[in-house]
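Novice: model this:
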Amino acid sequence: KLVPMMDDTSPLCAQLALAALVNLCEYEDYARGVVVKAGAMPRTMERVCAGLDSRENMEQTANGVKLLANLTRHHHGRQAVIGFHTDGTQQRNAPLLKRLCDAFGLGGGAKDALTPLSLFFENVAAAPGGANLLCAEEYDFMMLTVARQIASADEGRRMGAAAAVKNCCFDRTVHDRISGHDEIAALICLPLVGERDGYDEDDIKEMPSGLQTKCRLGGKVTESEELR
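Specialist: Just a heads-up that it's a prediction; the model follows:
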């Protein structure tokens, strides 16, 4: 009964329903599956996108983002995002996914409510068909927008973005599309850039511009083993 309550005309009721679903799906995989089967995924994607467009009820939007991250931990949740060509759900969901991706790419502040989308995209990329959708040129190669968060100041965004790229790379059918975007290769290297004197200028000149700047300035290799 909580899933339909997300669309209640009372903002307070909708907010409380979303908050309850977030808590319910935080740790219990069984609960995630039940909530997904109740139709929560398309409702949540639509609600978050509507909140982004209206800039109203941002607390609801923040909880919706958390719910998306939680639900996509379950394989049924990931498939519910991707949808199917045969029943039209992929064509319906893809523009919503693109809207979420664009909004995610514009954020990055310390208290940005969209940061949990880093886990959402990591999870979607791990699903069969997820990498293909995120790397589809017809939807402006969403993976590049996600990958740019590897350069974010927020650790959660960096980790999620790097994991999303990694998960996409498990799908060999998208390798050519990924390798066709030099910027992704540069972004992957950013956390590994060390002291300035470790790079030859002739080599730097052959790098993509963003990586050139980082190598000329020098940096510190990330201490996170998971990110490396």
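Novice: which residues touch the helix or strand containing residue 131?
Specialist: Taking DSSP states H and E as the criterion, the element that holds residue 131 is helix 130-134. Contacts of helix 130-134 from elsewhere in the structure, counted by Cβ atoms under 8 Å, 6 or more residues apart in numbering, are 78, 81-82, 90, 94, 97, 121, 124-125, 139, 142-143, 146, 164, 167-171, 173-174. (Glycine included, C-beta is placed from N, CA and C.)
Novice: which residues sit in contact with the residue nearest the centre of the chain?
Specialist: Averaging the C-alpha coordinates of the chain gives a centre point, and the residue nearest to it by Cα atoms, centre = their mean is residue 121 (2.7 Å). When the contact criterion is Cβ under 8 Å, 6+ apart, the partners of residue 121 are 101, 104, 134, 146, 160-161, 164.
Novice: now do residue 91
Specialist: Taking Cβ under 8 Å, 6+ apart as the definition, contacts of residue 91 comprise 83, 85.
Novice: shaky segments in this protein?
Specialist: Residue ranges of the chain with pLDDT under 70: 108-111, 209-210, 213-214, 228.
Novice: Among the contacts of helix 130-134, name the ones in helices.
Specialist: Under the assignment DSSP state H, the contacts of helix 130-134 contribute 78, 81-82, 90, 94, 97, 121, 124-125, 142-143, 146, 164, 167-169 to helices.
Novice: Relative to residue 215, how far out is the most far-flung residue of the chain relative to its centre?
Specialist: Of all residues in the chain, residue 202 has its C-alpha farthest from the mean position, at 35.3 Å, by Cα atoms, centre = their mean. Taking Cβ to Cβ, to the nearest Å as the measure, residue 202 falls 12 Å from residue 215.
Novice: what does residue 205 give?
Specialist: 10 Å.
Novice: So for those two, which sits in the more crowded spot?
Specialist: The neighbour count for residue 205 versus residue 215, taken as other Cβ atoms under 10 Å, is higher for residue 215 (23 against 8).
Novice: Could you find the closest non-adjacent residue to that one?
Specialist: Across the structure, with Cβ to Cβ, 6 or more residues apart in numbering as the measure, the residue nearest residue 215 apart from its sequence neighbours is residue 199 (4.4 Å).
Novice: wouldn't residue 183 be in contact with residue 207 here?
Specialist: No: under the criterion of Cβ atoms under 8 Å, residue 183 makes no contact with residue 207, lying 11.0 Å away.
Novice: The two: which has the busier surroundings?
Specialist: Of the pair residue 183 and residue 207, residue 207 is the one with more neighbours under other Cβ under 10 Å, namely 18 against 14.
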